[in-house]
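Colleague: have a look; sequence and predicted model below, questions after that.
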Amino acid sequence: MKTGKRLLSALLALIMALSVVSVASVTIASAADYTSATTLTPGLTVPGTLSAAGAKTWYKFTATSAATEFTFTHATESSTNVYFTVQVFDSASAPAAANAMTKIDSLGSTGTEVKSFSTTIGATYYIAVETNNASAIGKSYTVKVSASVNSENESNDTIGSANQLTPGTPVKGILSSASDIDYFKVTLDKAYYLNITITHPAKAGVTAKYFDVTIFSADGTTRVDSFASLGQEETKSWSAGDGNALKAGTYYIRVIDGGAVSGVEYQITATLTEIPDHDEESENNNTTADADPIVSGRPMLGALDVTNELAKDTDDYFKITVASSAIISFTLSHAVANSSDVYFRAKLIDASGTEITSIVSKGNENNVASVKNSVKAGTYYVRVYKDLAAGDADTTIPYTLVVTTAVVSGAEQEPNNDYTSATSINTGTSASPVIYTASIATKDDIDYFVFNVKRGYAYIRFYSQDNGECNTIYHVDVNKLSTNAGVVSENSVKSFDVDYVDGEFSSACLGLDEGIYYLKVTPRHFDNSKQGEYGVGVQYAAYTGYETESNDTTATADDLIQGKDSLYIGGSAFDKADVDYFKFKTSSVLNAHFTLKREYTKAEVAAGITDAKNFVWNVRIYSSTDLKQPIKVGSFTSKEPFEDTIKSLAKGTYYIQVTANSGSFTNKDYSISVTSVTTKPWYVQLRDAFVGQDWSNLKIMFSFLTKLNWAQIVPILVQTGKRLVEFIKIVLNRV
C-alpha cells in the first residue's frame, strides 16, 4: 500500500511539474510573438481570430499623432463574460508583455470598444489580443488605430460640403476609395501667408503619389497651386508665403487619391503666418557693389526717383545668396496706372553679370512675375531699372519687389544652353531616375544635360512640376558628339516630343552604347502665361545584350551576342519609324534557326491586354552579298513568335532587319536569337542515315532472290538501285 501511495505521489508530482513547464513555455512563446507582429496602417481596419485559449495575436503601429485612438470590434452576444483581453505596450514593455499602457476587457455583449492614449509621434507600439474564453475561439474581430484628432465629416465631396479647418488644428481624413474626394476650407479675415501640411504613414522607397492636394480660391474653381505627397514622404507642405500672401477670403483645399493608394489615413493642417513688415531700399544701390540684401519672401519697397546726390535714379540693385542649388524667381508689383508705357524693367543676373531672365512691367500691369529658374550655389542680383532712351515712362511711382528661393536636391545650372555648359546629371536605377528640376525661361531658352553610361538601356523621364498644367511642349534630342577635322558635331541618337499624361512622361526604352550623351531640351510650343518648372531624369540599367541606338542601317547594325551555341540580343520598337539592324557572321556552312518574339509584360497581363494586332513587327533577313533582296521575310506579334530555320547557310555576314508595323509602340521590347548548328559533311550524314536504318529484312530478301532466275532478278536490282539513289539524294538534301 505504501509503495502504491509513493508511486501515486510521484506521478502527481510529475504531472504538476510538466504542467508548470507547459504553462511557462506557452507564456514565453506568446510574449516573444511581438517580433512578428502584423503592421497596422492608421485608418485601416484589420480582421483577426484566435484559434485557441491562451493564444496571442500581436499587432504594431507607428504613431502619427500625440494621441492615438484604438478601436476593437466584434459581433455582440448576450454573454457578459470577458471574451477578449486587449493590451497596448510600448516597445520597451512588449518583450515581456508587461506594464501595459492601456487595457480593454471586451465582453461578449460589448461589441465595440474605443480607447485613446498618449503616444510619441514616430514611436512604435504593440497590441496583444488574447482570450481565455472558449466562446471567443474562432470568433472574428477587427482592430484599428487612428490619430486621436478631429475627423472629417463625410460626405465632403464638394466645396459646398467642405469641412472647416481651424488654423493650427489637425484634421484626419480617409479616402475610402480611389474616387473619393475630400474638400476642406479655411477662412482668412485678412491677408496671410497660408501653409497647408499633409501627413500620412510613410512607406520607404515608394515614389508613387499617395495624395494630390490642390488649393482653390474663393470661387472654388480658380487654382491657386497644388502639390503631391509621395508614399515615402511622411510630411509634405505647401506655402503661399515667400511674398505670395493670400488676400482675405475663403480658400478650398481638395485632397484626392494620387493613384497609388486608397484607404490610408492622413492628417491635414492649415497654419497662418502674419505677413512680415517690408524692407525698404537704401540709396545709393545703383551698382552690384552697393546692392541691398533682400530676404527670400520679404517684400522690398523701392522707387526710381532720385539718388542721395539728387541725380536721376535709373537703377536699383538687390542681391540674394543661395548656399546650394535652388529655384529662384521674383515678382515686381506697383499701383495700376492707365498706361501701356513701360514703367519698370527687371532682370536676374549672376555674379559675372550674365542675364538669367528678365521681365517688363507696364503701367497697366500691377503684378509681373519672372519664370522660375534653377541656379547653383552663389550670389545673384536683381536689377530694377528704366531705359529712358527706349521711351520708358519717367515716373516716380513706388514698386514692390519680392524675390523667392527654394532649395532643391537637384537642379539645372544656368546658363546651360550648349553642350560645353551642360548640367551634369546622375543616372538612376532601372526602377527610378534621379530627378533634376529645370525650366525653359523663354521661347529661346535651351537646356542641356549630360550623362555617362556603360552599354545598356535607358528611359528618359519628365515630370511637370505643376501636375501637367504647364502649356509648354518640349522637344528632346538625345545626342552624342563627334569630332571631324577639329569640328565638333552633335549626332542625334533619338528625338521625341514630351507630351504629359497626368503630369508625367516616359520615353520608350532606349538602347545606348557606352559613352557620353547629351539631352537637349527646347520648347516646341512655349506659353509664358502657363510656364512652369519641369523635372528630368534618366532611368538606366547596364546590359550588354541589348541593342544600341542608332542601329538604323546595316553600317550601324548591332552585333548579336555570341553564346555557347546561340546569338541573342534584346531590342525595342521605339516608334513606328524606328528601324533596327542586327548582324552575325558564320565561319562555316551551318543550319541557322531564328527566333524573334515578344512576351506580354506582367502589367499588360494584369490589364487584360490580349489584342496582339496592336503590336506587330516585320522581319527581313539579308545576306551581305545582296542587301536589297531578303532571303527570308516574316513577322511576329505579342502572341505569335517568328520561328524559321535556314538550312545550309553559307559562310558570310548576315543582317536581320526589324521594323514596327504599328503606331501603337511605346516601350515594346522584343528579343531576337539565332541558334547555330554546324552542318556535318555529306559522307558523315550518309553514313549516319545508313546506320540508322533497319536492315533485318535483307536476309529474307536475299533468300527470295535465290529462288529466281536472272531474267527475274535483273529488273528487281535496277529498281532497287534507282530507289537507293533517290534515298541518298533525300539524305543529302537534309543538310
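Modeller: Okay, I see it.
Colleague: alpha carbons only for contacts and neighbour counts from here, please
Modeller: Fine.
Colleague: where does the stretch 201-350 of the chain dip in pLDDT?
Modeller: Across the stretch 201-350 of the chain, the stretches falling below the confidence threshold (pLDDT under 70) are 241-245, 260-263, 276-277, 306-312.
Colleague: now the strands: where do they sit in it?
Modeller: Defined through DSSP state E, counting those that start in this stretch, the strands belonging to the stretch 201-350 of the chain, from first to last, are 209-216, 223-230, 235-239, 249-257, 265-273, 279-280, 292-293, 300-302, 315-322, 326-334, 342-350.
Colleague: okay, those strands in CSV with distance to N417 next?
Modeller: What follows is the strands of the stretch 201-350 of the chain, written out as CSV (distance: least, Cα to Cα, whole Å):
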stretch, distance to N417
strand 209-216, 32
strand 223-230, 29
strand 235-239, 31
strand 249-257, 38
strand 265-273, 39
strand 279-280, 35
strand 292-293, 29
strand 300-302, 31
strand 315-322, 22
strand 326-334, 17
strand 342-350, 15
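Colleague: so for S676, which of those strands sits nearest?
Modeller: Between S676 and the strands of the stretch 201-350 of the chain, the shortest gap by Cα to Cα is with strand 209-216, which sits at 48.5 Å.
Colleague: what pairs with that closest one, parallel or antiparallel?
Modeller: With DSSP bridges as the criterion, the sheet partners recorded for strand 209-216 are strand 223-230 (antiparallel), strand 249-257 (antiparallel).
Colleague: how about S65, phi and psi?
Modeller: Main-chain torsions, S65, degrees, to the nearest 10: phi -150, psi 160.
Colleague: residue contacts, it?
Modeller: 119-121, 147-149 (Cα atoms under 8 Å, 6 or more residues apart in numbering).
Colleague: pull the most distant pair out of those.
Modeller: Maximum pairwise distance in the contacts of S65, criterion Cα to Cα, is 14.0 Å, between T120 and V149.
Colleague: comparing these two, which shows the higher neighbour count?
Modeller: When T120 and V149 are compared for neighbours, V149 comes out ahead with 17 against 14, by other Cα atoms under 10 Å.
Colleague: now that one. Nearest residue, chain neighbours left out?
Modeller: With sequence-adjacent residues excluded and distances taken as Cα to Cα, 6 or more residues apart in numbering, V149 is closest to V171, at 6.1 Å.
Colleague: ok, how many other residues are close to the one you found?
Modeller: 22.
Colleague: over to the one 4 residues further on?
Modeller: Look at L175: counted by other Cα under 10 Å, it has 20 neighbours.
Colleague: do you know how far it is from Y210?
Modeller: Distance of L175 to Y210, given as Cα to Cα, to the nearest Å: 10 Å.
Colleague: and A555, which of the three is it?
Modeller: What DSSP: H, G, I helix; E, B strand; the rest coil gives for A555 is helix.
Colleague: can you report how many residues neighbour it?
Modeller: Based on other Cα under 10 Å, the number of other residues close to A555 is 10.
Colleague: coming back round to it: rebuild the strands paired with strand 209-216 as CSV, extending it with mean neighbour count and distance to I159.
Modeller: Formatted as CSV, the strands paired with strand 209-216 follow (neighbours: other Cα atoms under 10 Å; distance: least, Cα to Cα, whole Å):
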stretch, mean neighbour count, distance to I159
strand 223-230, 19, 13
strand 249-257, 22, 7
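Colleague: looking at the ones you listed, which is nearest to K494?
Modeller: Sorting the strands paired with strand 209-216 by Cα to Cα, the top spot, which is the nearest, belongs to strand 223-230 at 31.1 Å.
Colleague: now that closest one against strand 235-239, angle please.
Modeller: Regarding strand 223-230 and strand 235-239, their directions subtend 160 degrees when assessed with axes from the mean of the first three to the mean of the last three Cα atoms, to 10 degrees.
Colleague: may I have strand 223-230 exported as PDB, CA atoms only?
Modeller: Extracted as PDB, the C-alpha positions of strand 223-230 are listed here (Å, rounded to 0.1, in the frame of the first residue of the first chain):
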ATOM      1  CA  ARG A 223      -6.500  77.100 -58.900                       C
ATOM      2  CA  VAL A 224      -4.000  78.800 -56.600                       C
ATOM      3  CA  ASP A 225      -1.500  76.000 -56.500                       C
ATOM      4  CA  SER A 226      -1.100  72.300 -56.000                       C
ATOM      5  CA  PHE A 227       1.300  69.700 -54.600                       C
ATOM      6  CA  ALA A 228       1.600  66.000 -54.300                       C
ATOM      7  CA  SER A 229       2.700  63.800 -51.400                       C
ATOM      8  CA  LEU A 230       4.600  60.600 -52.300                       C
END
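Colleague: shift numbering so it begins at 28
Modeller: With the count now opening at 28, the last piece we talked about shows up as strand 250-257.
Colleague: contacts for it?
Modeller: Applying Cα under 8 Å, 6+ apart, the contact partners of strand 250-257 are 225, 233-244, 262-263, 265, 285, 493-494.
Colleague: mind listing what's buried in stretch 472-483?
Modeller: 472-478, 480, 482-483 (16 or more other Cα atoms under 10 Å).
Colleague: and of those residues, the nearest to L67?
Modeller: G483 (40.7 Å).
Colleague: what sits against the closest one?
Modeller: Contacts for G483 were tallied using Cα under 8 Å, 6+ apart; they are 538-541, 567-573, 575.
Colleague: state the distance from K87 to S78.
Modeller: According to Cα to Cα, K87 stands 20 Å off from S78.
Colleague: my error: substitute E292 in the last question.
Modeller: 30 Å.
Colleague: tell me which of K87 and S78 has more neighbours.
Modeller: Here K87 and S78 are set side by side on neighbour count (other Cα under 10 Å), and the busier one is K87, at 23 against 16.
Colleague: residues in contact with that one?
Modeller: Applying Cα under 8 Å, 6+ apart to K87 gives the contacts 64-67, 151-154.
Colleague: which non-adjacent residue is nearest it?
Modeller: On the basis of Cα to Cα, 6+ apart, the spatially nearest residue to K87 that is not a chain neighbour turns out to be Y153, at 4.3 Å.
Colleague: also V109?
Modeller: Closest residue to V109 apart from its sequence neighbours, by Cα to Cα, 6+ apart: L134 at 4.3 Å.
Colleague: quick one: contacts for the one you found?
Modeller: Counting by Cα under 8 Å, 6+ apart, L134 touches 106-111.
Colleague: what values do phi and psi take at it?
Modeller: Dihedral angles of L134 (phi, psi; degrees, to the nearest 10) stand at phi -80, psi 160.
Colleague: confidence score at it?
Modeller: At L134, the pLDDT value in this model is 91.
Colleague: specify the beta-bridge partners of the residue nearest to V176.
Modeller: Partner residues in beta bridges with V198, using DSSP bridges, are N177, I295.
Colleague: for it, what are its contacts?
Modeller: Contact partners of V198, counting by Cα under 8 Å, 6+ apart, are 176-179, 192, 294-296.
Colleague: can you select the buried ones from those residues in PyMOL?
Modeller: Here is the PyMOL command that selects the buried residues among these (16+ other Cα under 10 Å):
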select buried, resi 176+179+192+294+295+296
